[in-house]
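Engineer: Have a look; sequence and predicted model below, questions after that.
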Amino acid sequence: MSVKGSFSHIPTAVISKRLPPMEITADPGPLAMNDGALPDDPLRLFKSELQHNVVEATDTATYGYIRLVVTKVHTIRKGRSLQAAQVVTMLVPSIFGAPLEWYNTDLEAEVQVMDATGQLLGTYTGKGSSNVKVAMYHGYSQTDAPRLADVIALREALNKVRPQLDTASTRLSPLLMAGGPVNNPTLPSSASSK
């Protein structure tokens, strides 16, 4: 099965009142040490989620910062005994659809919203998990499965943050606009330590 479609599909669930355009950053945290996701996967997925569902489109001014921080990641491989049995039987069960193993990722992420000066306006947390099968025909390869497991768990965490942003949008929008446009597109150092 192809992995590419899994990365590009973002669920359409637009929040009721979109937030003003913001500078988007991501800190992969412990996800950077994991064997799965590529370094740019968290930012790419986060930008896509925000542009589809959360922030207004812009090509001019931005009114604050929105930052993804992955705080916890735990990935385990299950079914290693199946893999040993497959090798002993020369992968014959795989030809008939038996899986080799599964990658399970549990992940926790938070989204921080800051005004143009870097003052924290809100933090929203979500948890996600995944279960990706490694198999010949009805699963993914051993090279693609860890990456897909991380991305699916991150997408689920973002899906749980979206309703929180929806609820907070009526409070956040006026605060972001009142803070004025961002002069420096890099996150202020005082905000990055929070």
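Structural biologist: Arrived safely. All of these numbers come straight from a predicted model, not from anything done at the bench.

Engineer: What residues does residue 52 make contact with?
Structural biologist: 10, 12, 14 (Cβ atoms under 8 Å, 6 or more residues apart in numbering). For the C-beta atoms, the positions are set from N, CA and C on the backbone; glycine is no exception.

Engineer: Make sure it is indeed in a helix.
Structural biologist: Yes - read with DSSP: H, G, I helix; E, B strand; the rest coil, residue 52 is one of the residues of a helix.

Engineer: Closest to the centroid, which residue in the protein?
Structural biologist: The centre of the chain sits closest to residue 154, judged by Cα atoms, centre = their mean, with a distance of 3.3 Å.

Engineer: what's the helix or strand for it?
Structural biologist: Assigning secondary structure by DSSP states H and E places residue 154 in helix 145-178.

Engineer: And the average pLDDT for that helix is what?
Structural biologist: Averaged across helix 145-178, the pLDDT comes to 95.

Engineer: which helices and strands sit right next to it?
Structural biologist: Packing partners of helix 145-178 (3 or more Cβ pairs under 8 Å, 6 or more residues apart in numbering; DSSP states H and E): helix 4-8, helix 41-53, strand 65-78, strand 101-114, strand 120-134.
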